[in-house]
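Peer 1: pasting the structure only:
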């Protein structure tokens, strides 16, 4: 009896399909992120987002029929055999978008489906020290307070999720400000501490995209210098 039970268990395991018929719907924003950025690129306002359907247990993706729906509207021109991906750009309204993909049989039977609801985020901003010896200090972002141990420091700004290919894109406008009210432009700025003086200075930076009115990010931090 034990041997028969063992053989029966093996038969059940072998008869179970490796993959059920299903589909995963993946997405990724197409905005800019800095080098060594970890994680998925988020979809931000007025940028493009891309979707990819990955099927399981349904055979080759090139032979499957995909039906795409956005906010309840069938995207007829994007449907068809092998059409397992599509992209679109967010409008200025920036509202939640619901995307659905269905894989259909020859008789229009739904073999698998998946849905995702996305809300575009606001672009953001990271600031790093640009060290003359080691370059960008990507391992440590400048937070709310920065202790200046040298006579001068260079800060570099890296915009996140803006609709550009790199941070030197001509559509990006950088504005650095300190307590004095002076404004510096460019993606990097260098500050020098006063001689024989201890204190602090508030630094703020604004980055905007002159071609996309909803794309703007701000960051502020305090720079401390001199003896404690």
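Peer 2: Done, it's in. Treat the numbers as computed from the prediction; the structure is a model and nothing was measured.

Peer 1: can you list the domains in the chain?
Peer 2: 2-118, 124-225 (automatic domain parsing).

Peer 1: Tell me the span between the first and last residue of the shortest one.
Peer 2: This stretch, domain 124-225, spans 27 Å end to end (C-alpha to C-alpha, to the nearest Å).

Peer 1: what's the average pLDDT for that domain?
Peer 2: For domain 124-225, mean pLDDT is 92.

Peer 1: Neighbours of residue 130, how many?
Peer 2: 17 (other C-beta atoms under 10 Å). C-betas here are computed from N, CA, C, even on glycine.

Peer 1: before we move on, what about the one 3 residues further on?
Peer 2: Neighbour count of residue 133, defined by other C-beta under 10 Å: 4.

Peer 1: do residue 157 as well
Peer 2: 23.

Peer 1: For residue 149, see how far away it is.
Peer 2: 21 Å (C-beta to C-beta, to the nearest Å).

Peer 1: So what's the predicted local confidence for the residue most central in space within the chain?
Peer 2: With distances taken as C-alpha atoms, centre = their mean, the residue of the chain nearest its centroid is residue 41 (1.8 Å). Residue 41 is assigned a pLDDT of 94 by the prediction.

Peer 1: For the residue lying closest to it once chain neighbours are set aside, give the beta-bridge partners.
Peer 2: Closest residue to residue 41 apart from its sequence neighbours, by C-beta to C-beta, 6 or more residues apart in numbering: residue 29 at 4.4 Å. Following DSSP bridges, residue 29 is listed with bridge partners residue 49.

Peer 1: from memory residue 29 sits against residue 39, does it?
Peer 2: No. Between residue 29 and residue 39 there is no contact under C-beta atoms under 8 Å: 11.0 Å.

Peer 1: neighbour count winner among these two?
Peer 2: For residue 29 versus residue 39, neighbours defined as other C-beta under 10 Å are more numerous around residue 29 (22 against 6).

Peer 1: Can you tell me how far the more buried one is from residue 119?
Peer 2: Residue 29 is 12 Å from residue 119, by C-beta to C-beta.

Peer 1: try residue 130
Peer 2: 34 Å.

Peer 1: Give me the mean pLDDT for the strand or helix carrying residue 87.
Peer 2: Assigned by DSSP states H and E, residue 87 belongs to strand 85-89. Across strand 85-89, the average pLDDT comes to 94.
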